[in-house]
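J.: Got a sequence here, can you build the structure:
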Amino acid sequence: MPNDKIGFLQRSHWLKLLLELIAVFVGITAGFFFENFREERANRIQERKFLSSLYSNVKSDSSEIRDYLNGFKENLEIAGRTLTIMDSTRVEIDSALALLGILGYYSDLLLQEATYESIVNSGKLDLITDYSIRNDILSYYQNVRFVQNVDQVYNNYIDNFVMPYLFEQLDFLTGEVSDQFDPNGKDFRNVSIAYYTMVDAKVDLAGKLDSLNHQLLTSLMPYTQ
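T.: Residues are numbered from 1 along each chain as shown. Here you go, the predicted model:
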C-alpha cells in the first residue's frame, strides 16, 4: 500500500478519535453546565419560597411586637410617674395602688420563627444571595433573642421577688392592701425602681425590634409578588 494512502488512513483514524474526544468533552461540559443551571434554578425557587414564607412570619410578628411594646410603654409611664413622686414628695396610696396593679404583669414576646429555624437548621442560609437581606434577617432574629433573654430575666424577677412581695402586701380576693403596706417605705421603693429599670430595657429593645421588623418587611416585599 502506498505510503501516502497509509498516512491518510492514519490521519483519518486520529481525526476520528479527536472528534470523538471533542464530542465526549462537549457532552460532559454541556451536562455539567445544564446540571449547574438546573441546580441554580432550583436554589432560586427555594430561596423565593423561603423569603416569601419568612415575610409571612415577620408580618405576623408586627402586631405582636406593637402590642408588646405598647403594653410595656404604658406600664413604664405608670412606674415613671410613681418614681417621680417618690423623688419629690410622699406617695399617696392611690398612686401606689396603680403601680402595684401592674407589678405582676407577665408578657412574653411570642413570634413566628418556624421558617427562620428551618433555614438555619438545614444549613441553607447561604441560599439567600442578597447580602443586605441576609444581614437584615440575622439582625432581626439576633434582636429577637435579646428581647427573649430580657423577658426571661424579667419573668424570673417577677417570680422570685415581685410576686412574694405582692402576696404579702395585697389581698388578691378583695384587692385591698395590708395594714403593713408603706407606699413610702424602702421595700416598695426598691421593687419599683427595679421594675422600672427592667421595663425600660424591655421597651428600648422592643422599639429597636419594631424598627428592624419594618426594615425586614420592606426588604422581603419584592419576594411576595
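J.: Apart from its neighbours in sequence, what residue is nearest the residue positioned nearest the centre of the chain?
T.: Among the residues of the chain, residue 141 comes closest to the average C-alpha position under C-alpha atoms, centre = their mean, at 2.6 Å. In space, and not counting its chain neighbours, residue 141 is closest to residue 116: 5.5 Å by C-beta to C-beta, 6 or more residues apart in numbering. From N, CA and C alone the C-beta is placed, and that goes for glycine too.
J.: May I ask which helix or strand of this protein has the lowest mean pLDDT?
T.: Lowest by mean pLDDT, DSSP states H and E among the helices and strands of the chain is helix 3-88, with a mean of 77.
J.: need the contact list for the residue nearest to residue 141.
T.: Residue 116 is in contact with 54, 57, 137, 141, counting by C-beta atoms under 8 Å, 6 or more residues apart in numbering.
J.: Could you save those residues as CSV and add columns showing distance to residue 150?
T.: What follows is the contacts of residue 116, written out as CSV (distance: C-beta to C-beta, whole Å):
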residue, distance to residue 150
54, 24
57, 21
137, 21
141, 15
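J.: Tell me the one of the residues you listed nearest residue 173?
T.: residue 57 (41.8 Å; C-beta to C-beta).
J.: List the single closest residue to the closest one in space, sequence neighbours excluded.
T.: Nearest to residue 57 is residue 112, by C-beta to C-beta, 6+ apart, at 3.8 Å.
J.: for the one you found, phi and psi?
T.: Dihedral angles of residue 112 (phi, psi; degrees, to the nearest 10) stand at phi -90, psi 100.
J.: now do residue 170
T.: Phi and psi for residue 170, reported as degrees, to the nearest 10, are phi -120, psi 150.
J.: Let me know the secondary structure of residue 173.
T.: coil (DSSP: H, G, I helix; E, B strand; the rest coil).
J.: how many other residues sit next to it?
T.: Applying other C-beta atoms under 10 Å, we find 6 residues neighbouring residue 173.
J.: any idea how far residue 90 lies from residue 196?
T.: According to C-beta to C-beta, to the nearest Å, residue 90 and residue 196 sit 18 Å apart.
J.: So between these two, which is more surrounded?
T.: More crowded of residue 90 and residue 196, by other C-beta under 10 Å: residue 196, with 18 against 9.
J.: contacting residues around residue 48?
T.: residue 223.
J.: Offset the numbering so it begins at 650, please.
T.: In the new numbering, first residue 650, that becomes residue 697.
J.: Tell me the spacing between it and residue 777.
T.: As defined by C-beta to C-beta, residue 697 lies at a distance of 10 Å from residue 777.
J.: Same check on residue 755?
T.: Residue 755 sits at a distance of 35 Å from residue 777 (criterion: C-beta to C-beta).
J.: Neighbour count: those two, which is higher?
T.: Taking other C-beta under 10 Å, residue 755 and residue 777 do not tie; residue 777 has more neighbours (20 against 10).
J.: Which residue is the nearest non-sequential neighbour of that one?
T.: residue 783 (4.6 Å).
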